[in-house]
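Asker: sequence plus the predicted model coming up.
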Amino acid sequence: ALYSKNRTVLLCVPKTVRTFEIPASVTKIAASAFSGCEALVKVIIPASITKLGYGLFYDCPCLETIEAASDSRWFHAFGGALYSKDRTVLLCVPKAVSAFEIPASVTKIGDGAFGGCEALASVAIPKSVTEIGYGAFVGCKALRSIEIPKSVTKIGASAFEDCAALVSMAIPKSVTEIEPWTFSGCEALKSVEIPKSVAALADGAFDGCKALKSIEIPETVTEIGWGVFRGCKALKNIAIPKSITVLPDRALSGCGSLANVTLPESITKIGVGAFYHCKALAGVEIPGSVTEIGSWAFGGCGCLGSVSLGESLREIQWNAFEDCVSLESISVPRSAQWRYGSFKDCPKLTVTRR
């Protein structure tokens, strides 16, 4: 194994190891120290350890048991899993687990606690839990459903990222924000219930949710992030609430089935690539409130036949409508400027001023 010079930090473990007892000189285990140890079955943590890095046991599919010294001041091992000493934080679960019931003493599911548990099919979360940490269930590829109790007020970034089998999700009313990449890569996710308590959908929150057919964004949401629905290939309809003022970059890019979109009069800007390669989008009415259409906003929208532009429009950025091969006519208000290539490769298009 590889350690820091003074042997207080465990940096890396040989990938063929099956059982590993950490020396008593070690006080910290570095992030990903055991990552990729595919034969690892058991790890023994001494009382000297005070700090654990993120993703310690990622890609350790055979890991069955994590043991901690009984006289440790920081950690407690129970049922093969690792907890904080007072058992209020679930820190790490053996990666070979297929089902897990979280004890009622737990108030937080720690960062990456179930990360890489590829066989995990079911997990029971008690009402005592108030927080789900960063990447808590990342890469749990067999997890089809999970019930989040009403006690949970925070779901961390990437919490369910790459849970490829997850089909549905009901977010409790106690949650106020869907953090970055929370459901990114959940390819089987068909439905999500977003409660009215939620005020923000952060960057990439539903990026790559290929099976998501519809989603209702409540009026309480005042901010949506970069690429929030990027690559949601089955999404057919979406209505942006009037509480939103900016449609961010890449918000709906790659939504190949998107046929209908409703934009409110509150929108002032359509971001870069917002509808890039939305190949089924046949028409769009851009509200009169919009002052700027970003670069490649509608690039590659091959079925786009009609676009209505409002009088407040001031800027049409580079390549905004590039490769809109079905677009035949567009009337641009005299107040608006367009940049080089704004209507590039639109062979049928006639642009007029009004």
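Answerer: Arrived safely, thanks for sending.

Asker: how many other residues sit next to the residue nearest to Gly271 when sequence neighbours are not counted?
Answerer: Spatial nearest neighbour of Gly271, excluding adjacent residues (Cβ to Cβ, 6 or more residues apart in numbering): Asp249 at 4.0 Å. The way it works is simple: take the backbone N, C-alpha and C, and place the C-beta from them, glycine included. Using other Cβ atoms under 10 Å as the criterion, Asp249 is surrounded by 22 other residues.

Asker: same thing with the one 5 residues further on?
Answerer: Burial of Gly254, expressed as a neighbour count using other Cβ under 10 Å, amounts to 23.

Asker: and it, what does it touch?
Answerer: By Cβ atoms under 8 Å, 6 or more residues apart in numbering, Gly254 lies in contact with 230-233, 276-278.

Asker: what of Ala33?
Answerer: Counting by Cβ under 8 Å, 6+ apart, Ala33 touches 10-13, 53, 56.

Asker: state the distance from it to Ser25.
Answerer: Using Cβ to Cβ, to the nearest Å, Ala33 is found at 15 Å from Ser25.

Asker: now swap in Gly231 and tell me
Answerer: 47 Å.

Asker: out of these two, which sits in the busier spot?
Answerer: More crowded of Gly231 and Ser25, by other Cβ under 10 Å: Gly231, with 23 against 14.

Asker: about what we covered before: so the residue nearest to Gly271 is in which element?
Answerer: For Asp249, there is no enclosing helix or strand under DSSP states H and E.

Asker: so what's the residue count around Glu328?
Answerer: 12.

Asker: Cys12 contacts Ile29, correct?
Answerer: No: proximity of Cys12 to Ile29 does not meet the contact threshold set by Cβ atoms under 8 Å, at 10.3 Å.

Asker: and these two? Which one has more around it.
Answerer: Set Cys12 next to Ile29 and count neighbours by other Cβ under 10 Å: Ile29 wins out with 22 against 15.

Asker: and the nearest residue to Leu40 once chain neighbours are set aside, what element?
Answerer: Leaving aside its sequence neighbours, Leu40 sits nearest to Cys60 (Cβ to Cβ, 6+ apart; 4.7 Å). Under DSSP H and E, no helix or strand contains Cys60.

Asker: where does Ile125 land on pLDDT?
Answerer: Looking at Ile125, its pLDDT is 98.

Asker: check the one 5 residues further on too.
Answerer: According to the model's per-residue confidence, Thr130 sits at a pLDDT of 98.

Asker: these two touch, right, it and Ser151?
Answerer: Yes: between Thr130 and Ser151 there is a contact at 5.5 Å, judged by Cβ under 8 Å.

Asker: quick one on the thing from earlier: can you lay out the contacts of Gly254 as CSV showing pLDDT, distance to Gly110 and secondary structure?
Answerer: As requested, these are arranged in CSV below (pLDDT from 0 to 100; distance: Cβ to Cβ, whole Å; DSSP: H, G, I helix; E, B strand; the rest coil):
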residue, pLDDT, distance to Gly110, secondary structure
Arg230, 98, 29, coil
Gly231, 98, 29, coil
Cys232, 98, 30, coil
Lys233, 98, 33, coil
Tyr276, 98, 37, coil
His277, 98, 38, coil
Cys278, 98, 39, coil
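
Asker: can you select the buried ones from those residues in PyMOL?
Answerer: Applying 16 or more other Cβ atoms under 10 Å to the contacts of Gly254 leaves a buried subset, and the PyMOL line that selects it is:
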select buried, resi 230+231+232+233+276+277+278
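
Asker: may I see the contacts of Gly254 arranged in a markdown table, with distance to Gly294 as well?
Answerer: Below are the contacts of Gly254 laid out as a markdown table (distance: Cβ to Cβ, whole Å):
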| residue | distance to Gly294 |
| --- | --- |
| Arg230 | 15 |
| Gly231 | 18 |
| Cys232 | 19 |
| Lys233 | 22 |
| Tyr276 | 10 |
| His277 | 15 |
| Cys278 | 14 |
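
Asker: just the contacts of Gly254 now: which is nearest Val175?
Answerer: Cys232 (20.5 Å; Cβ to Cβ).

Asker: which residues are in contact with that closest one?
Answerer: Contact partners of Cys232, counting by Cβ under 8 Å, 6+ apart, are 206, 208-210, 212, 252, 254-255.

Asker: and stretch 218-230, how far out from the chain middle?
Answerer: Distance of stretch 218-230 from the chain centroid (Cα atoms, centre = their mean, to the nearest Å) equals 12 Å.

Asker: quick one: end-to-end length of it, please.
Answerer: From its first residue to its last, stretch 218-230 covers 19 Å (Cα to Cα, to the nearest Å).

Asker: same check on stretch 164-178?
Answerer: Stretch 164-178 has an end-to-end distance of 18 Å (Cα to Cα).

Asker: equivalent analysis for stretch 249-268, please.
Answerer: Stretch 249-268: ends 13 Å apart by Cα to Cα.

Asker: so how far is that stretch off the chain centroid?
Answerer: Centre-to-centre, stretch 249-268 and its host chain are 19 Å apart (Cα atoms, centre = their mean).

Asker: residue numbering should commence at 556 henceforth.
Answerer: Understood, numbering begins at 556; the last thing we discussed is stretch 804-823.

Asker: list the buried residues of it.
Answerer: Applying 16+ other Cβ under 10 Å to stretch 804-823 flags 804-810, 813, 816, 818-819, 821-822 as buried.

Asker: tell me the one of those nearest Ala754?
Answerer: For the buried residues of stretch 804-823, the closest approach to Ala754 (Cβ to Cβ) belongs to Ser821, at 15.3 Å.
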